[in-house]
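Student: show me how the following folds:
(chains A and B)
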Amino acid sequence: MSAGVTEPVFEAPWHAQAFALAVHLNEQGAFSWPDWAEVFGAVLAEHGLAKELDGGDDYFLAWVTALERICAQKGLAEAAVLADLKARWEAAYLSTPHGAPVKLSDPV
Amino acid sequence: MPHDHHDHDHPHALLPPDPALRVKALESLLTAKGLIDPAALDVIIDTYAHKIGPQNGARVVARAWADPGFREALLEDATAVVSKLGFYGRQGEHIVAVENTDDVHNVVVCTLCSCYPWPLLGIPPGWYKSDAYRARVVREPRAVLAEFGVTLPEGQSVRVWDSTAEVRYLVIPQRPEGTEGWDEEALLPLITRDSMIGTGLAKAPA
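Tutor: Model (predicted):
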């Protein structure tokens, strides 16, 4: 622990995307913030059993897991559908020439 | 054995890390369902990365130092007072200001997750979200404060406030000596983010 003062707000683009997704879904009324805090707190506690979380990458990893969990609970996104989409995104990255925008081959 | 150099010139787009792909999956599904607006995500990111930060909280503290009436109102109902300054929104629904004095030093934590007064301080720093800080500041606040370089007089007790999804705290640090008669603008640079969490003190005048 140290009192760094100049660390960036988001260290990786996906940290920012995941953060914004939770805030936006809350604003859209998909879930309340106390609901979010409860799910997120539970995920942090689970992840913290395996290793001490440092509040960086592992914090946002828990954030993503909590997003998936609360979206499944609220019926917004099923785990199987997400797994399929993730595989399709991976395939899209691997088949897109470097420098070109990455898109899914078929609509979601 | 020949080496495979195909990674060196990236014939395909760089594969993002696993959690990034999970986020992409969520985002594309929720967008397709009409539940989210990707443009709104960009606005949220820009806001929290560039517009909201400890400068907001510092403005509140500087005014409280310079204006006794404002200070009193802030301690009475911080949510109303900071809302009037335009500092409201997510994680700012109910804010409580706690004032450091010669007798008590306040420190803020969220033991459940990472609740934090976003409209006043922005996104919390990594250490605030770490297991080490969240667990230890409650058990041994003086030891944790010492690691931040803060040593308090023996007579000053430490009070730790545990934030929740409903209530978040802003510490009003003690006004440094030698700043008598300074106005709000002059006081502003003395107020650090950590001094408003309680893991630091306001800077002494140069």
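Student: just give me the residue right at the centre of chain A.
Tutor: A:Val64 (2.6 Å; Cα atoms, centre = their mean).
Student: and it, backbone torsions?
Tutor: The phi/psi pair for A:Val64 (degrees, to the nearest 10) reads phi -60, psi -40.
Student: report pLDDT for it.
Tutor: Here, the pLDDT recorded for A:Val64 equals 97.
Student: could you do the one 5 residues further on as well?
Tutor: The pLDDT attached to A:Arg69 in the predicted structure is 98.
Student: now it. Nearest residue, chain neighbours left out?
Tutor: A:Val39 (5.5 Å; Cβ to Cβ, 6 or more residues apart in numbering or on different chains). Where you see a C-beta, it was placed from the backbone N, CA and C, and this is true even at glycine.
Student: and the residue nearest to the centre of chain A, how far is that from B:Asp67?
Tutor: Counting by Cβ to Cβ, to the nearest Å, the separation of A:Val64 from B:Asp67 is 43 Å.
Student: try B:Leu74
Tutor: From B:Leu74 to B:Asp67 the distance is 9 Å (Cβ to Cβ).
Student: these two: which is more packed in?
Tutor: Neighbour tally, B:Leu74 and B:Asp67, criterion other Cβ atoms under 10 Å in any protein chain shown: the higher count belongs to B:Leu74, 24 against 14.
Student: residue contacts, the more buried one?
Tutor: B:Val60, B:Ala64, B:Val81, B:Val82, B:Ala97, B:Ile172 (Cβ atoms under 8 Å, 6 or more residues apart in numbering or on different chains).
Student: kindly report the same for B:Arg22.
Tutor: A:Val64, A:Glu68, A:Leu82, A:Lys86.
Student: okay, now the sheet partners of the helix or strand hosting B:Ala97, with direction.
Tutor: Counting by DSSP states H and E, the element that carries B:Ala97 is strand B:95-99. Neighbouring strands of strand B:95-99 in its sheet, by DSSP bridges, are strand B:168-172 (parallel).
Student: tell me which helix or strand comes right after the strand it pairs with.
Tutor: Next along from strand B:168-172, by DSSP H and E: helix B:184-187.
Student: in that next one, what's buried?
Tutor: B:Leu187 (16 or more other Cβ atoms under 10 Å in any protein chain shown).
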